[in-house]
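S.K.: Have a look at this prediction, sequence included:
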Amino acid sequence: MRSLHANKTAAHPTTLTPKPTACIIHESLGHAAEADQIIFGSKPSAFQTLPSVSDKVTVIDYAYTAFGKPCPLPMYFDDEGTATQDVCIINKGRKDSCMTDKFTAALMGTTPTGNARSIAPLATNKGTGKGMTNDTNDDTAEGTDDEPMVRMRNTALLPGDTTPEEMLASMQDGYHIVDCGNIYGDGQGGFKLEITEAYRVHGGVICEKIPQCMAIGNMSEFLQSISMVGNDFEWFVDECTKGDTIQVGQGAPTVKARLRLTMT
């Protein structure tokens, strides 16, 4: 890989629209805050060792409602029959809680958060992860033959009070990331995100389009570098491939942070 900048190791000011922001939050932070990763991981979880980050960062894994509206994939009971609750992962820059099922909660001496999920049908969930039915005793529901594991539900970086236009205007030289493809995590907070649409920014103005590239970073540095959080917000439904593929909701606003971009 080669850097788009002369300084090949430096991270550069970057604005990211909601989709790439949500992807990074899911892959780098969300998985690190799943209790099975914390308890059974081969190394200390990146969430356990996470220092304080930008106080503009609050991340919540929502159960069924967020901002007064239904989440993309509302779950009232998880696939172990536990009533779900929202989980605040980071609260104003400080790590808060992790996501658990019954087993991991028992090991940690806490109450399960309702994050046990197994395979379920696509995008028609009316209340649970069990075959999209509210009857948690329905053993014929699709997905119940699969062992539930700790999974995210609707994970969101909360919006702030800055407009995307103000973020761009504040940047003299940097990048604006619009869209992305796959993201690859190393299990310890590191990530590589395929950038499919991005532009150089000069003097606060979006200029030439850059070639497809990779954004490389790690969770703690990315979260610490967030200097502005947008007042916009967008939800997405995507697929998570931890174990069996399952749908998850993920959402974010536009953010201004620092990333290293490299051409493939």
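M.R.: That came through fine. Since the structure is predicted, the reported quantities are computational estimates derived from the model, not experimental observations.

S.K.: pLDDT score for His12?
M.R.: For His12, the pLDDT comes out at 94.

S.K.: do you know how far it is from Gln188?
M.R.: 23 Å (C-beta to C-beta, to the nearest Å). For the C-beta atoms, the positions are set from N, CA and C on the backbone; glycine is no exception.

S.K.: For Thr21, give me the backbone phi and psi.
M.R.: phi -60, psi -50 (degrees, to the nearest 10).

S.K.: who's in contact with the closest residue in space to it that isn't next to it in sequence?
M.R.: Of all residues not flanking Thr21 in the chain, Ala252 sits nearest, at 3.8 Å (C-beta to C-beta, 6 or more residues apart in numbering). Neighbouring residues of Ala252 by C-beta atoms under 8 Å, 6 or more residues apart in numbering: Pro18, Lys19, Thr21, Ala22, Ile25, Ala156, Leu157, Phe233, Glu234.

S.K.: burial of the third one, as a residue count?
M.R.: As a burial measure, Thr21 scores 26 neighbours (other C-beta atoms under 10 Å).

S.K.: rewinding a little: quickly note the distance from the residue nearest to Thr21 to Gln48.
M.R.: 23 Å.

S.K.: surely Gly160 meets Asp232?
M.R.: No - with contact defined as C-beta atoms under 8 Å, Gly160 does not count as touching Asp232 (9.5 Å).

S.K.: follow-up on the earlier one: considering the contacts of Ala252, which is situated nearest to Leu261?
M.R.: Thr21 (15.2 Å; C-beta to C-beta).

S.K.: Surely the closest one is in contact with Gly251?
M.R.: No - distance between Thr21 and Gly251: 9.0 Å, which falls outside the contact criterion (C-beta under 8 Å).

S.K.: Overlap of the contact sets of the two?
M.R.: Common neighbours of Thr21 and Gly251 (C-beta under 8 Å, 6+ apart) are Leu157.

S.K.: Determine the number of other residues adjacent to Phe191.
M.R.: Residues near Phe191, counting by other C-beta under 10 Å: 23.

S.K.: give me every residue that touches the nearest residue to Asp232 once chain neighbours are set aside.
M.R.: Spatial nearest neighbour of Asp232, chain neighbours left out: Pro253 (5.0 Å); criterion: C-beta to C-beta, 6+ apart. Counting by C-beta under 8 Å, 6+ apart, Pro253 touches Pro18, Thr21, Leu157, Leu158, Pro159, Gly160, Val229, Gly230, Asn231, Asp232, Phe233, Glu234.
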